[in-house]
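In: have a look at this fold, sequence not included:
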């Protein structure tokens, strides 16, 4: 049997085998059956679709900044970690309710921290006054007791260093508290303005009736 006849028989057998298995035949080339048949892309079954998630707030975060939406792939691409997520929800309404709640909780904690900072500031002021009194006492004693001047001066210098460090810490704390105080004032002024606007709207509605 000729070589060309052998090739023809082989090709016919391969063609029949491919048809039985619903595999498309290659267009050209000897031994083309070795090429992989194209696989159709399968659609992913998504029973979750879009959902809503709420991130944990910073000091400056607003409710609308915390609520985000997307599918599982968009969520995966967001780069957020488990620690940055407060919760995941099926509806936007539940997500917004959760965001409002977490903002209120944040504000309560910030106010508590602010109050603790104020108490600490008062304690530091009292400590500074006490150290200043000790320094004045040491200096006065050194003047009236020349024999103890050297040791008393050394003690005064040590107290001066402690005083300087405490004053620096107090200045930083006072600055931070002032910023927090301004933030609370702005927020409360916005809230009072909203309340006033609501009252005005209700008043206008009554007058229209």
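Out: Alright, I've got the coordinates. Predicted model, so just to flag it, every value in this text is computed and none were measured.
In: now do the strands in this structure.
Out: 51-55, 67-70, 85-89 (DSSP state E).
In: list the helices and strands the shortest one packs on?
Out: The contact analysis (3 or more Cβ pairs under 8 Å, 6 or more residues apart in numbering; DSSP states H and E) places strand 67-70 against strand 51-55, helix 92-144. Quick note: C-beta positions are derived from backbone N, CA and C, even for glycine.
In: strand 51-55 and the longest one, what's the angle between them?
Out: Put simply, helix 92-144 runs at 10 degrees to strand 51-55, going by axes from the mean of the first three to the mean of the last three Cα atoms, to 10 degrees.
In: other SSEs contacting helix 92-144?
Out: Going by 3+ Cβ pairs under 8 Å, 6+ apart, helix 92-144 lies up against strand 51-55, helix 63-66, strand 67-70, strand 85-89, helix 149-208.
In: looking at the strands of the chain, spot the one closest to residue 116.
Out: strand 85-89 (24.1 Å; Cβ to Cβ).
In: what strands flank the closest one, and is each parallel or antiparallel?
Out: Strand 85-89 pairs in its sheet with strand 51-55 (antiparallel), by DSSP bridges.
In: average pLDDT for the partner strand?
Out: Averaged over strand 51-55, pLDDT sits at 95.
In: again, but for stretch 152-161
Out: 92.
In: now do stretch 102-110
Out: For stretch 102-110, the per-residue pLDDT averages 93.
In: burial count for the closest residue to residue 181 other than its chain neighbours?
Out: Setting aside the residues directly before and after it, residue 181 is nearest to residue 114 in space (Cβ to Cβ, 6 or more residues apart in numbering), at 7.4 Å. When neighbours are counted by other Cβ atoms under 10 Å, residue 114 registers 16.
In: how about residue 114, what does it touch?
Out: For residue 114, the contacting residues are 177, 180, 181, 184, by Cβ atoms under 8 Å, 6 or more residues apart in numbering.
In: great, nothing more from me.
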